[in-house]
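Visitor: Make a model of this:
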Amino acid sequence: MSGPTAGPAPTADAVRGRNTALDSALLADAEAVTADRLHDVPAGDEWSPAHLLAHLGEFPSFFAEELRRWQWDRGEVVGRTHKHPGRLAVLRDEFVRQSTLPELIDRIRRAFADLAEALAPLEDADLTATTRNVKYGEEPLTAFLDRYVTGHKAGHLEQLRSLSARLDSDPDRT
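Guide: Modelled structure (predicted):
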């Protein structure tokens with residue numbers, strides 16, 4: 001989605017606040033998806049709204065657990081690649097097609113709550129602590145949080161809004 005940003009070091013409260021704001025925006029946009037468009041895919045896209053909502057209901061809990069593991073043992077390797085089996089399982093067409101819109105929204109709510117809970121004990125000093133990323137090596141926790149939490153959510157919010165706009169403007173839809 002997006003990489004670490006330059007500027008003043010964030011505070012733990014700022015990270016939590018940004019996460020909460022993104023959760024609210026993502027939930028509002030997810031709840032605006034209609035069941036009749038859940039599986040539509042505009043030309044050139046790989047994901048339907050259902051695929052995107054399924055991913056939103058999976059990745060926050062995965063990264064919440066990664067954050068908890070790191071908090072328990074700061075030497076743990078964290079992160080994942082796009083080929084991670086858990087990520088791929090949720091994006092399988094079979095899983096996505098069997099999920100209803102209310103089920104997808106419920107998974108998102110639970111995943112967002114799980115990640116908010118994992119972020120709760122963070123202190124400002126934690127943000128500059130070093131993590132060992134499976135793909136990127138040693139980097140501060142702020143890079144992990146931006147890549148997998150706030151930046152990730154912001155990127156998917158933009159993706160969901162763009163996808164919805166393209167579906168709304170499709171002349172073949174009535």
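Visitor: neighbours of G75, just the number please.
Guide: Residues near G75, counting by other Cβ atoms under 10 Å, number 8. Heads up, the C-betas are built off the backbone N, CA and C, glycines and all.
Visitor: which stretches of the chain form strands?
Guide: Listed in chain order, the strands found in the chain under DSSP state E are 77-78, 130-133, 137-140.
Visitor: is it possible to export these to JSON lines including mean pLDDT, mean neighbour count and distance to V41?
Guide: Formatted as JSON lines, the entries for the strands of the chain read as follows, by pLDDT from 0 to 100; neighbours: other Cβ atoms under 10 Å; distance: least, Cβ to Cβ, whole Å:
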{"stretch": "strand 77-78", "mean pLDDT": "86", "mean neighbour count": "17", "distance to V41": "32"}
{"stretch": "strand 130-133", "mean pLDDT": "94", "mean neighbour count": "18", "distance to V41": "32"}
{"stretch": "strand 137-140", "mean pLDDT": "95", "mean neighbour count": "13", "distance to V41": "35"}
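Visitor: What is the least confident helix or strand in this protein?
Guide: Evaluated with mean pLDDT, DSSP states H and E, the helix-and-strand set of the chain has its lowest mean pLDDT in helix 85-91, which scores a mean of 55.
Visitor: Quick one: residues contacting the most centrally placed residue in the chain.
Guide: The centre of the chain sits closest to K153, judged by Cα atoms, centre = their mean, with a distance of 4.4 Å. For K153, the contacting residues are 1, 19, 22-23, 26, 60, taking Cβ atoms under 8 Å, 6 or more residues apart in numbering as the criterion.
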